[in-house]
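Undergrad: sequence and computational prediction follow.
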Amino acid sequence: MFHRLFNKDCPENEAGHEHAPWHAMAVAWLGEMFDAMDATIYFIVLFPALSELLSTSDATSIGWHGAMILAMFMVGWSIGSVVFGVIADRFGRVRALVSSILLYAVCTALCAFASTWLELGICRFLVGVGIGGNIGLATVVVSEHWQGRGRLWTICLLGTSFSAGCFLTGGFNSILGDLGWRWLFFVGIIPALLTLYIRLTLKESAMYEEEVAASSTASSGAFATIKELVLEPENRKNLIVTSTLAGAAIVGYWAAISWIPAWINTLTGDLAVGERSAAMNWLAFGGLVSSVLTPLAVIRFGRGGTLKLGFALSLLSTILMFTTVRHYSDVLLLWNFAVGFACYPPFHIAGLYSVEVFAPRVMGTASGITWGMGRLVAALAGLCSGPLILFFGGSYAFAGATVAFIVYSLGFIASFYVTEPYGFEEFDGVLEGEMELEPVPVAGSASVKRSLS
């Protein structure tokens with residue numbers, strides 16, 4: 001059964017490097033785990049950190065400045081997605097991965113030395129640049145080492161790394177939270193050790209090397225790559241769809257759900273170290289469960305159907321949590337599980353779809369633009385969170401519910417424009433091992449093998 005689910009049809013196997021796909025998966029998984037840890041540290045320390053830096057505990061003031069820092073982080077994330085995507089297409093995935101991880105690790109540690117909210121914001125901007133580059137590349141690296149049913153499962157299971165990163169944040173907060181928020185940022189330097197492992201062990205995929213060797217685009221500069229994506233009609237359409245899907249998932253998580261720890265501070269009226277850690281862990285646990293189940297949902301409902309279901313459940317669970325909970329209790333933890341369960345699948349399917357509809361020679365740039373545009377919108381939404389919190393009288397809950405309603409509705413609508421790359425019935429049959437498909441050319445390249453057999 002395990003072999004049937006993770007059947008691999010990739011160049012590394014043909015060349016005798018049977019462990020390369022698993023090695024690439026391990027590198028990508030660890031990178032995204034630390035991405036999640038360094039990204040979510042800010043949200044779990046937001047209230048105590050800004051209370052100290054602003055010398056106030058006023059929810060409206062903290063919410064306003066917190067939203068501006070979030071926007072700076074997301075702008076950095078957007079820039080990093082595109083810049084490192086171009087670097088990956090031009091100079092290789094390994095160099096881009098190492099550079100991006102080293103950047104966000106060092107800059108997370110620098111957050112601990114911030115003496116003003118603006119200094120914290122600048123550091124978070126640089127953290128965003130690094131994380132934005134790494135997250136987009138992780139999906140690309142996995143997709144180039146895995147094909148067919150293996151690609152479906154590994155990209156979805158890659159999402160469990162984000163849950164693991166959230167567990168790390170909650171765990172470190174439980175251990176170090178009472179010592180002060182700066183200690184948590186110091187922990188962010190740990191991913192720097194991963195870069196040494198990547199640099200010494202990870203090799204470029206055969207798919208990437210063959211495509212670069214055969215392609216004139218890769219040697220003609222970043223502008224040619226972007227031009228191919230924007231001017232080629234099929235690429236342009238796919239870029240709009242994938243960017244909308246990714247944007248809805250990103251904004252929902254980072255401009256609505258991410259306010260939960262700060263919201264808990266207002267519900268409890270104190271530092272709430274244990275309560276915030278518990279909420280983070282339950283949110284991550286829900287995401288972990290749905291990450292494992294998402295491939296089964298794709299088999300049953302297809303990509304578009306799974307996206308519709310994920311966005312609909314995200315909308316309902318987030319709004320109901322924010323509008324019905326009035327005090328901290330186990331009920332809130334259960335809602336966190338439900339929200340985490342619902343909001344993760346759209347990330348996975350958007351990532352899967354974005355690597356299925358673009359050729360390898362432009363895949364890094366396309367992935368960067370897809371996720372970069374989403375984070376740029378998230379930055380704008382983050383800025384709007386401040387006025388929304390002010391409008392609702394300091395209520396993080398109603399501000400979060402409003403953002404969730406808008407973006408998850410948009411994601412649900414965009415899901416109707418998703419097509420099954422292989423046809424839903426054929427895809428289902430292949431996963432059951434009942435039939436084989438002929439290779440299907442991707443946009444702009446008929447040379448890339450897309451067989452699911």
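TA: Nice, thanks for sending it over.
Undergrad: please make it C-alpha for all contacts and neighbour counts, starting now.
TA: OK.
Undergrad: which residues in the stretch 101-250 of the chain form helices?
TA: For the stretch 101-250 of the chain, helices defined by DSSP state H, counting those that start in this stretch occupy the ranges 117-145, 148-158, 160-176, 181-187, 192-201, 206-214, 222-231, 233-254.
Undergrad: now the shortest one: mean pLDDT?
TA: Right, helix 181-187. Averaged across helix 181-187, pLDDT comes to 90.
Undergrad: just the CA trace of it, in CSV.
TA: Once non-C-alpha atoms are left out, helix 181-187 reads as follows in CSV (Å, rounded to 0.1, in the frame of the first residue of the first chain):
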residue,chain,number,x,y,z
TRP,A,181,9.6,37.6,24.5
ARG,A,182,13.1,38.3,23.4
TRP,A,183,14.2,34.8,24.3
LEU,A,184,11.8,33.3,21.7
PHE,A,185,13.4,35.4,19.0
PHE,A,186,16.8,34.1,19.9
VAL,A,187,15.6,30.6,19.2
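Undergrad: tell me how far residue 360 lies from residue 31.
TA: To residue 31, residue 360 is 21 Å away according to CA to CA, to the nearest Å.
Undergrad: kindly report the same for residue 204.
TA: Per CA to CA, residue 204 is found 16 Å from residue 31.
Undergrad: now residue 266
TA: 33 Å.
Undergrad: which one's more surrounded, the two?
TA: Neighbour count, other CA atoms under 10 Å: between residue 266 and residue 31, residue 31 has more, with 29 against 21.
Undergrad: surely the more buried one meets residue 101?
TA: Yes. Counting by CA atoms under 8 Å, residue 31 does reach residue 101; the two are 7.2 Å apart.
Undergrad: how about residue 37, nearest residue that isn't a chain neighbour?
TA: Once flanking residues are discounted, residue 37 sits nearest to residue 165: 4.4 Å by CA to CA, 6 or more residues apart in numbering.
Undergrad: where does the stretch 301-450 of the chain dip in pLDDT?
TA: Along the stretch 301-450 of the chain, segments meeting pLDDT under 70 span 382, 421-450.
Undergrad: now do the helices in it.
TA: Shown for the stretch 301-450 of the chain, the helices assigned by DSSP H, counting those that start in this stretch span residues 330-356, 360-391, 396-414, 424-431.
Undergrad: please identify the most buried of the ones you listed.
TA: Highest mean neighbour count among the helices of the stretch 301-450 of the chain (mean count of other CA atoms under 10 Å): helix 360-391, with a mean of 26.
Undergrad: one step back: the residue nearest to residue 37 contacts residue 41, correct?
TA: No. Counting by CA under 8 Å, residue 165 stays clear of residue 41, with 9.6 Å between them.
Undergrad: contacts only, for residue 126.
TA: Each residue near residue 126 by CA atoms under 8 Å, 6 or more residues apart in numbering is listed here: 73, 76, 103, 104, 107.
Undergrad: likewise for residue 108?
TA: Taking CA under 8 Å, 6+ apart as the criterion, residue 108 is in contact with 38, 123, 124, 127, 185, 186, 188, 189.
Undergrad: give the contact list for the fourth one.
TA: If a contact means CA under 8 Å, 6+ apart, then residue 127 has 38, 39, 73, 76, 77, 103, 104, 105, 107, 108 as its contacts.
Undergrad: right, and residue 37 touches residue 171 too?
TA: No. Checked against CA under 8 Å, the pair residue 37 and residue 171 is beyond contact range at 10.3 Å.
Undergrad: between those two, who's got more neighbours?
TA: Neighbours were counted for residue 37 and for residue 171 using other CA under 10 Å; residue 37 has more, 27 against 17.
Undergrad: hang on, that one in a helix?
TA: Yes. Per DSSP: H, G, I helix; E, B strand; the rest coil, residue 37 lies within a helix segment.
Undergrad: look up how far residue 167 lies from it.
TA: Distance, residue 37 to residue 167, by CA to CA: 8 Å.
Undergrad: find the residues that touch each one of residue 31 and residue 101.
TA: Both residue 31 and residue 101 are in contact with 134, 191, 194, where contact means CA under 8 Å, 6+ apart.
Undergrad: how many neighbours does the second one have?
TA: Spelled out, it's residue 191. Look at residue 191: counted by other CA under 10 Å, it has 23 neighbours.
Undergrad: let me know the pLDDT of it.
TA: Value for residue 191, per-residue pLDDT: 83.
Undergrad: could you find the closest non-adjacent residue to residue 23?
TA: Excluding its sequence neighbours, the residue lying closest to residue 23 (CA to CA, 6+ apart) is residue 202, at 7.4 Å.
Undergrad: for residue 106, that is, sorry about that
TA: For residue 106, the closest residue by CA to CA, 6+ apart turns out to be residue 189, at 5.6 Å.
Undergrad: okay but that neighbour is in contact with residue 101, surely?
TA: No. With contacts counted by CA under 8 Å, residue 189 stays clear of residue 101, the gap being 9.8 Å.
Undergrad: more crowded one of these two?
TA: Comparing residue 189 with residue 101 by other CA under 10 Å, the one with more neighbours is residue 101, at 28 against 21.
Undergrad: returning to that earlier point: now the shared contacts of residue 31 and residue 101 as JSON lines including distance to residue 92?
TA: Converted to JSON lines, the shared contacts of residue 31 and residue 101 look like this (distance: CA to CA, whole Å):
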{"residue": "134", "distance to residue 92": "13"}
{"residue": "191", "distance to residue 92": "20"}
{"residue": "194", "distance to residue 92": "18"}
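Undergrad: nearest to residue 405 among those?
TA: Nearest to residue 405 among these, counting by CA to CA, is residue 134 at 28.8 Å.
Undergrad: please report the distance of that closest one from residue 176.
TA: 27 Å.
Undergrad: so these two - more neighbours on which side?
TA: Looking at residue 134 and residue 176 with other CA under 10 Å, you find the greater number of neighbours at residue 134, namely 32 against 16.
Undergrad: and the stretch of helix or strand residue 51 belongs to, average pLDDT?
TA: Using DSSP states H and E, residue 51 sits within helix 20-54. In this model, helix 20-54 has a mean pLDDT of 87.
Undergrad: next helix or strand past it?
TA: helix 59-91.
Undergrad: which elements pack onto that following helix?
TA: helix 20-54, helix 93-110, helix 117-145, helix 360-391 (3 or more CA pairs under 8 Å, 6 or more residues apart in numbering; DSSP states H and E).
Undergrad: what mean pLDDT would you report for the second one?
TA: In other words, helix 93-110. For helix 93-110, the mean confidence score works out to 88.
Undergrad: may I see the buried residues of that helix?
TA: By 16 or more other CA atoms under 10 Å, the buried positions in helix 93-110 come out as 93-110.
Undergrad: report the angle between that helix and helix 192-201.
TA: Put simply, helix 93-110 runs at 170 degrees to helix 192-201, going by axes from the mean of the first three to the mean of the last three CA atoms, to 10 degrees.
Undergrad: between helix 93-110 and helix 59-91, how big is the angle?
TA: Using the same axes, to 10 degrees: helix 93-110 against helix 59-91 is 160 degrees.
Undergrad: and helix 93-110 with helix 360-391, angle?
TA: For helix 93-110 against helix 360-391, the angle by the same axes, to 10 degrees is 20 degrees.
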